[in-house]
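> When you get a sec, could you give me coordinates for this:
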Amino acid sequence: MKTTNLTPVRAFVAALGIALLPLSQSATAAGDELVHPQHLAQGADQPSALLAARRYATFWHTGDERYATLALAPDFSDRTLPPGREQGLRGPLQASRGFRAAVPDLSAEMEDVVIAGDRAAVHLRFRGHFTGQFGDSKGQGQQIDFQAFDLYRVANGKIVENWHLEDDLGLLRQMGVSK
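Numbering: from 1, shown residues only. A predicted model of the protein is given here:
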């Protein structure tokens with residue numbers, strides 16, 4: 001495996017000696033509407049963890065709340081809950097609605113996914129244009145391109161816990177809301 005020009009996640013996976021399999025949207029089965037990772041590393045066959053991660057990414061990509069319901073356990077817990085966000089399923093639903101009000105053409109890509117045991121580490125990239133409303137700020141079409149990193153604990157095919165980090169400052173700067 002080449003080790004030059006790797007993202008930090010890919011370099012980490014390569015250092016562990018796990019095969020990183022390139023995937024593409026064109027390799028999907030007809031009718032499969034879930035988001036696919038560009039790169040996937042699995043220590044063992046964990047189809048339920050991968051399916052839950054893909055469903056949750058598809059929720060962020062489309063805003064379709066049924067994917068969040070399919071991905072998240074009834075007792076889902078956000079372990080890095082931002083101030084003002086409700087715990088449980090209603091928190092991500094609220095966050096998605098608010099963000100889509102600001103960036104209606106929001107898309108999300110799964111750049112890297114690493115699955116080991118009951119954990120899925122996911123590198124997401126969000127893109128769109130700030131044409132809507134965010135608080136007191138009205139978008140002027142600014143391009144949005146920021147990243148998020150999530151760690152999910154999956155049980156019975158659903159995400160039970162999530163720890164996440166987003167580039168919030170970069171996002172706010174792109175929106176012109178912060179310097």
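
> elements contacting the longest strand seen in the chain?
Under DSSP state E, the strand in the chain containing the largest number of residues is strand 142-155. Using 3 or more CB pairs under 8 Å, 6 or more residues apart in numbering; DSSP states H and E, the elements in contact with strand 142-155 are helix 47-62, strand 119-130, strand 158-166, helix 168-175. Every C-beta, even on glycine, is put in place using the N, C-alpha and C of the backbone.

> just checking, next helix/strand downstream of the second one?
Heading C-terminal from strand 119-130, the first helix or strand you meet, by DSSP states H and E, is strand 133-134.

> Ok, the first one next?
Heading C-terminal from helix 47-62, the first helix or strand you meet, by DSSP H and E, is helix 65-71.

> show me what contacts the nearest residue to Gly135 once chain neighbours are set aside?
If the residues on either side of it in the chain are set aside, Gly135 comes closest to Val177, at 7.4 Å by CB to CB, 6 or more residues apart in numbering. Neighbour list for Val177: Phe134, Gly135, Ser137 [criterion: CB atoms under 8 Å, 6 or more residues apart in numbering].

> sec struct for Val177, please.
Reducing the assignment at Val177 to three states with DSSP: H, G, I helix; E, B strand; the rest coil gives coil.

> Show me the residue at the heart of the protein, geometrically.
To find the centre residue of the chain, average its C-alpha atoms and take the closest one (CA atoms, centre = their mean): that gives Leu124, at 4.2 Å.
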